[in-house]
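In: need a 3D model of the sequence below.
(2 chains)
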There are 2 protein chains.
Amino acid sequence: MTQPSSVQNSISAPARIADADEALSLDELQLAARNHGMPLEALQYDVTPPGLHYLLVHYDIPFVDPATWRLAVTGHVARELTLDLAALRSMPRQTRRVTFECAGNGRARLSPRPISQPWLTEAVGTAEWTGVPLAAVLAEAGVLPGAVDVAFTGADHGVERGVEQDYARSLHLSDAVDGEVLLADEMNRAPLPPQHGAPVRLVAPGWYGMAQVKWLQRITVMDRPFDGFQNVTAYRLKKGDEAGDPVTRILPRALMVPPGFPDFMSRIRIVDRGRHTLRGRAWSGWAPITRVEVSTDSGASWGDAELDPADPGVGRWAWRKWSLDWDVAAEGRTELLCRATDELGHVQPVDQPWNRQGMANNMVQRIPVFVRS
Amino acid sequence: MTQPSSVQNSISAPARIADADEALSLDELQLAARNHGMPLEALQYDVTPPGLHYLLVHYDIPFVDPATWRLAVTGHVARELTLDLAALRSMPRQTRRVTFECAGNGRARLSPRPISQPWLTEAVGTAEWTGVPLAAVLAEAGVLPGAVDVAFTGADHGVERGVEQDYARSLHLSDAVDGEVLLADEMNRAPLPPQHGAPVRLVAPGWYGMAQVKWLQRITVMDRPFDGFQNVTAYRLKKGDEAGDPVTRILPRALMVPPGFPDFMSRIRIVDRGRHTLRGRAWSGWAPITRVEVSTDSGASWGDAELDPADPGVGRWAWRKWSLDWDVAAEGRTELLCRATDELGHVQPVDQPWNRQGMANNMVQRIPVFVRS
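Out: The predicted structure is shown next:
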């Protein structure tokens, strides 16, 4: 990681917060046009079809030739390794269904708005990832006593707030060897698409997307804490200029398939009077979901949705289905809200949990609806 | 098509143009978060991988069960048809490589800005579409004398500027039976993804995306001009309140793979001094591309790029590769531009071709670059 003296502040500026009356900038739109959320009607799928799963790429998509790709395992290990794709694929493989969410999801609804990728609420998706447990590769390398962090470096290269870098993130050793983390080369039983990290990416179930390093090229076992930009600067929870706490696991969230049909431009939903079954998904990276509540009167009152039975074959890292019948009598406008609670007692807030980088904001979804006669 | 009296103007408003100082609205961001362009580094692919191809959905993605899907062929025909997927797939099939582009591409760079899906320059993609020629299905139905238009209705339902509708577009009969148009059920040799119109969509090579009706459910041969919203109101070239001309075929455009690497937020490219090969693609729905010019000095001067030989196996509907070597000596900022010319003499404009709905805007791409020492 180097500080390129030739890259001026006007080109790669510090993070900032929008002024009170400042609308979306062209910079934010450029990111929104490249990256994309999951259209919320796709919540109906247990596993999100390719192309609908949310996507965030910090720099450019690097196009890595699987034939020449190598994974280096280096640092504080007994045996440094260089693995090609065949060697990695020859190790015992596992498949996990995992819900991913961007740590910046909901950022564009914060006030004041942190300037970055302007997500509303759709930066989610669930896929079946297949690959080799990271623990097995680390065991083959032999982690030496005194190791504390494991850093993962991708092939995506750029500059961010003046710092030129290959995208890199670390996990604490205990998280890296917990048996859940995969080096995945398949998404939904097919080779990874280029934009999702081909040929190999990290899958750290329960963690926000910043931990899921794509286009993985190097694993470095470290005997001191990793101090890379994405851990120490970018993905932090802070109100001001303090160091702040790291962003880690996904806080609970419920999302609803918007009922009825939309207006093209406002996306307001038109719903006919009568009975509707509201459906959605809920997830948490901390603990199983225990409750989903729905409000059909703009938040004045809440009712419990029914949670589908958890499928023991699926494991604990994928979203859970919920539903609630809604008898619609009154014509006019209302808002639908939903919120999830997990087994550790985390509940989604109705008011914004503001922080200056707009991270881990799990404020409840609001769907404006017009009931017609 | 009905005008639902219960849908108020505040929910489904007329089209409008942004005020001179009006920045991007939440409505525009909602569309940008759902729909997505093709990240321009994907211009390196002859055929765009799924998930990278641009996507615009007017309303919601309808999830159509291929087992119960039926295509009705009706109207001014000798024999009305109802085809299931097996019947359609039993007819002779063809594959065409076709470049698609949204008619609204570039809209968000217009000044003043028409309020709609806020594309910058990335609403493009090239796929291999496989299916049955529309002409064969129309021949089986037997088009009666006096037919003038053929209308195509999708399963996507919504309201737009107060008009509730299933998305529908027409082609003139002569365009519909020209032998090029396909009823496609495969994209890149795999079943259509849900978001690209599964199980069957129209593919009208050379036309802007609005003609490529997805989730096709009905073909209606008409003995009078089709007057649906998307033909008569939405996709028109006009400066004021006149009816305007219809949007039809794709005007020429060249796009360049942005060289170097980006800043995360500004997307400005950092380029090292030395020799770079600039590469890109160019296409036109009117006629073959005959010339691509590149400026590396912000438009002050232009040089001819080299066009790759046209591949006779590919046909005339896919983009064409071009390249140009660029020797970079001077440190500092510049802009890279490129523009295409087709065999009919259409040239991309350097200044904006403004119209009030922001349609068929093929103003040249500009890539801000910082050359470092």
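
In: isn't residue A:109 right up against residue A:353?
Out: No. In this structure, residue A:109 is not within contact of residue A:353 by Cβ atoms under 8 Å, at 11.3 Å. Quick note: C-beta positions are derived from backbone N, CA and C, even for glycine.

In: those two: who's more crowded?
Out: Between residue A:109 and residue A:353, residue A:109 has the larger neighbour count (other Cβ atoms under 10 Å in any protein chain shown), namely 19 against 16.

In: contact partners for the more buried one?
Out: Listed by Cβ atoms under 8 Å, 6 or more residues apart in numbering or on different chains, the contact set of residue A:109 reads A:120-121, A:352, A:361, A:363.

In: and these near chain B, which?
Out: Residues of these in contact with chain B (Cβ under 8 Å from any Cβ of the partner chain): residue A:120.

In: now that we have the contacts of residue A:109, which of them are buried?
Out: Buried members of the contacts of residue A:109, scored by 16 or more other Cβ atoms under 10 Å in any protein chain shown, are A:120-121, A:361, A:363.

In: now pLDDT and distance to residue B:296 too, for the residues you listed, in JSON lines please.
Out: Below are the buried ones among the contacts of residue A:109 laid out as JSON lines (pLDDT from 0 to 100; distance: Cβ to Cβ, whole Å):
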{"residue": "A:120", "pLDDT": "96", "distance to residue B:296": "38"}
{"residue": "A:121", "pLDDT": "96", "distance to residue B:296": "42"}
{"residue": "A:361", "pLDDT": "97", "distance to residue B:296": "42"}
{"residue": "A:363", "pLDDT": "97", "distance to residue B:296": "46"}
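
In: export stretch A:59-68 as PDB, just CAs?
Out: Extracted in PDB, the C-alpha atoms of stretch A:59-68 (Å, rounded to 0.1, in the frame of the first residue of the first chain):
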ATOM      1  CA  TYR A  59     -12.300  -0.500  -8.600                       C
ATOM      2  CA  ASP A  60     -12.500  -2.300 -12.000                       C
ATOM      3  CA  ILE A  61     -13.400  -5.900 -12.500                       C
ATOM      4  CA  PRO A  62     -10.000  -7.600 -13.100                       C
ATOM      5  CA  PHE A  63     -10.300 -10.400 -15.700                       C
ATOM      6  CA  VAL A  64      -8.100 -13.200 -14.300                       C
ATOM      7  CA  ASP A  65      -7.100 -16.100 -16.600                       C
ATOM      8  CA  PRO A  66      -8.000 -19.300 -14.600                       C
ATOM      9  CA  ALA A  67      -5.200 -21.200 -16.500                       C
ATOM     10  CA  THR A  68      -2.500 -18.900 -15.100                       C
END
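
In: now it: buried residues?
Out: Buried-residue list, stretch A:59-68, by 16+ other Cβ under 10 Å: A:59-62, A:64.

In: off-centre distance for that stretch?
Out: Mean C-alpha position of stretch A:59-68 versus that of the full chain (Cα atoms, centre = their mean, to the nearest Å) differs by 21 Å.

In: check which helices and strands the strand or helix carrying residue A:86 sits against.
Out: Residue A:86 belongs to helix A:85-89 when elements are defined using DSSP states H and E. Applying 3 or more Cβ pairs under 8 Å, 6 or more residues apart in numbering or on different chains; DSSP states H and E, we find helix A:85-89 packed against strand A:124-133, strand A:182-187.

In: average pLDDT across the last one?
Out: In this model, strand A:182-187 carries a mean pLDDT of 98.

In: following element in sequence after it, please.
Out: Under the assignment DSSP H and E, the closest C-terminal helix or strand after strand A:182-187 is strand A:190-191.

In: beyond that following strand, next helix or strand please.
Out: Later in the chain than strand A:190-191, the nearest helix or strand by DSSP H and E is strand A:201-203.

In: close enough to count as contact, residue A:267 and residue B:27?
Out: Yes. Using Cβ under 8 Å, residue A:267 is in contact with residue B:27, at 7.2 Å.

In: out of the two, which sits in the more crowded spot?
Out: Remark: of residue A:267 and residue B:27, residue A:267 carries more neighbours, 22 against 18, as counted by other Cβ under 10 Å.

In: element containing the more buried one, please.
Out: With DSSP H and E as the criterion, residue A:267 is inside neither a helix nor a strand.

In: in the stretch 1-150 of chain A, where is pLDDT below threshold?
Out: Within the stretch 1-150 of chain A, the ranges that satisfy pLDDT under 70 run A:1-9.

In: break chain A into its domains for me.
Out: What automatic domain parsing lists as the domains of chain A is A:26-246, A:253-372.

In: minimum distance to residue B:188: which of the ones you listed has it?
Out: Taking Cβ to Cβ, domain A:26-246 is the member of the domains of chain A nearest to residue B:188, at 11.1 Å.

In: now do the end-to-end distance for the closest one.
Out: 29 Å (Cα to Cα, to the nearest Å).

In: can you list the buried residues in the helix or strand in which residue A:175 is found?
Out: Per DSSP H and E, residue A:175 falls inside helix A:173-176. By neighbour count on 16+ other Cβ under 10 Å, the buried set for helix A:173-176 is A:173, A:175-176.

In: near chain B, which of those show up?
Out: Okay, of those, nothing touches chain B (Cβ under 8 Å from any Cβ).

In: could you pull up the residues touching the residue of the stretch 101-250 of chain A found nearest chain B?
Out: Of all residues in the stretch 101-250 of chain A, residue A:160 sits closest to chain B, at 4.1 Å by Cβ to the nearest Cβ. Counting by Cβ under 8 Å, 6+ apart, residue A:160 touches A:12, A:58, A:229, A:234, B:263-265.

In: turn those into TSV, columns for secondary structure and neighbour count.
Out: TSV is the format used below for those (DSSP: H, G, I helix; E, B strand; the rest coil; neighbours: other Cβ atoms under 10 Å in any protein chain shown):
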residue	secondary structure	neighbour count
A:12	coil	23
A:58	coil	21
A:229	helix	18
A:234	helix	23
B:263	strand	24
B:264	coil	22
B:265	coil	24
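
In: now the strands for the stretch 151-300 of chain A?
Out: A:163-172, A:182-187, A:190-191, A:201-203, A:216-222, A:236-237, A:245-246, A:253-256, A:261-262, A:269-272, A:274-283, A:289-295 (DSSP state E, counting those that start in this stretch).

In: need the winner for burial among these.
Out: strand A:253-256 (a mean of 26; mean count of other Cβ atoms under 10 Å in any protein chain shown).

In: shared neighbours of residue A:109 and residue A:353, anything?
Out: Common contacts of residue A:109 and residue A:353 (Cβ under 8 Å, 6+ apart): A:361, A:363.

In: does chain B sit close to stretch A:10-27?
Out: Yes. With Cβ under 8 Å from any Cβ as the criterion, chain B is reached by stretch A:10-27 at A:11-13, A:22-27.

In: want to throw those into TSV with secondary structure and distance to residue A:88?
Out: Below are the residues of stretch A:10-27 next to chain B laid out as TSV (DSSP: H, G, I helix; E, B strand; the rest coil; distance: Cβ to Cβ, whole Å):
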residue	secondary structure	distance to residue A:88
A:11	coil	37
A:12	coil	34
A:13	coil	39
A:22	coil	47
A:23	coil	47
A:24	strand	42
A:25	coil	42
A:26	helix	41
A:27	helix	38
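
In: quick check: PyMOL command selecting the buried ones in those residues.
Out: Applied in PyMOL, the following selects the buried portion of the residues of stretch A:10-27 next to chain B according to 16+ other Cβ under 10 Å:
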select buried, chain A and resi 11+12+23+24+25+27
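
In: quick one: terminal-to-terminal distance for stretch A:355-373?
Out: 42 Å.

In: next, the buried residues of that stretch.
Out: Neighbour-count burial for stretch A:355-373 [16+ other Cβ under 10 Å]: A:355-372.

In: so which of those sit within strands?
Out: Members of the buried residues of stretch A:355-373 lying in strands (criterion: DSSP state E): A:365-372.

In: surely residue A:115 meets residue A:28?
Out: Yes. Residue A:115 is within contact range of residue A:28, at 6.4 Å (criterion: Cβ under 8 Å).
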